[in-house]
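>>> Can you look at this prediction? I've put the sequence above it.
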Amino acid sequence: MSDDSDPRPSPTPAPAPQRREHLWTAGQRFSLLLILGALLVVIIVLYALNPSYVSNPQPDEPQRAHELADRIDPNTADEQTLSALPLLGEKRAKMVVDYRDHFHALKPDEVVFQKPEDLMRIRGIGVNTVDQLRPYLIFPTTQPATTRGRGEP
């Protein structure tokens, strides 16, 4: 009998392992590493030239507080003027004015806010907020109140 009559199929040869190609060529990889290295050097130099320093503890008076032309009296200032204060915003400024108007309706001859801590009677204003606002405020017991916020000369 000859080998041609064998009904079994002949085994197929196993495929040769395929060589995996890199996504980028060696030159492209080198260029990418060079660009990333240069970017890292630039970031380090910028950081070294512009260091940020935050003192601990924080100073009692903000760095530019002496530049204020005048301070704001919460007893006379309008909503727009109060909303310009840090951490106050429009919503709390409206709450300050509403509280002040309500207080004046009940006790028209009394001053509503005599010291910064009096602002803590308003919901949402706490110790930290008062500490941040302190350099920007003035009260009748310390100096005359500013009326520029009300549109008066």
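Right, received. Where do you want to start? Worth saying up front: this structure is predicted, and the values here are computed from it rather than measured.

>>> ok, then the element right after the biggest helix by length in the chain?
In the chain, taking DSSP state H as the definition, the longest helix is helix 26-49. Once helix 26-49 ends, the next helix or strand along the chain (criterion: DSSP states H and E) is helix 79-83.

>>> For that following helix, which outside residues touch it?
With contact meaning CB atoms under 8 Å, 6 or more residues apart in numbering, helix 79-83 is reached by I72, P74, L88, G89, E90, R92, A93, K94, V96, V97, R148, G149. All C-beta atoms are positioned from the backbone trio N, CA, C, and that covers glycine.

>>> how about a cut-off of 6 Å?
For helix 79-83, the external contacting residues (CB atoms under 6 Å, 6 or more residues apart in numbering) are I72, L88, G89, E90, A93, K94, V96, V97, G149.

>>> Adding neighbour count, distance to P51 and pLDDT as columns, could you present these in TSV?
Output for the contacts of helix 79-83, formatted as TSV (neighbours: other CB atoms under 10 Å; distance: CB to CB, whole Å; pLDDT from 0 to 100):
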residue	neighbour count	distance to P51	pLDDT
I72	22	34	86
L88	24	31	85
G89	14	31	86
E90	12	36	90
A93	20	36	91
K94	13	40	93
V96	23	38	93
V97	18	42	94
G149	19	38	42
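
>>> So what's the residue count around V130?
Here the number of neighbours of V130 (other CB atoms under 10 Å) works out to 17.

>>> residue contacts, it?
P116, L119, M120.

>>> Give me the most central residue, the protein.
L87 (11.4 Å; CA atoms, centre = their mean).

>>> quick one: that residue from Q132, how far?
Shown here: L87 relative to Q132, a distance of 5 Å by CB to CB, to the nearest Å.

>>> Give me the buried stretch members for stretch 132-140, please.
L133, R134, P135, Y136, L137, I138, F139 (16 or more other CB atoms under 10 Å).

>>> And those, which is closest to L34?
Nearest to L34, judged by CB to CB, of the buried residues of stretch 132-140 is P135 at 50.5 Å.
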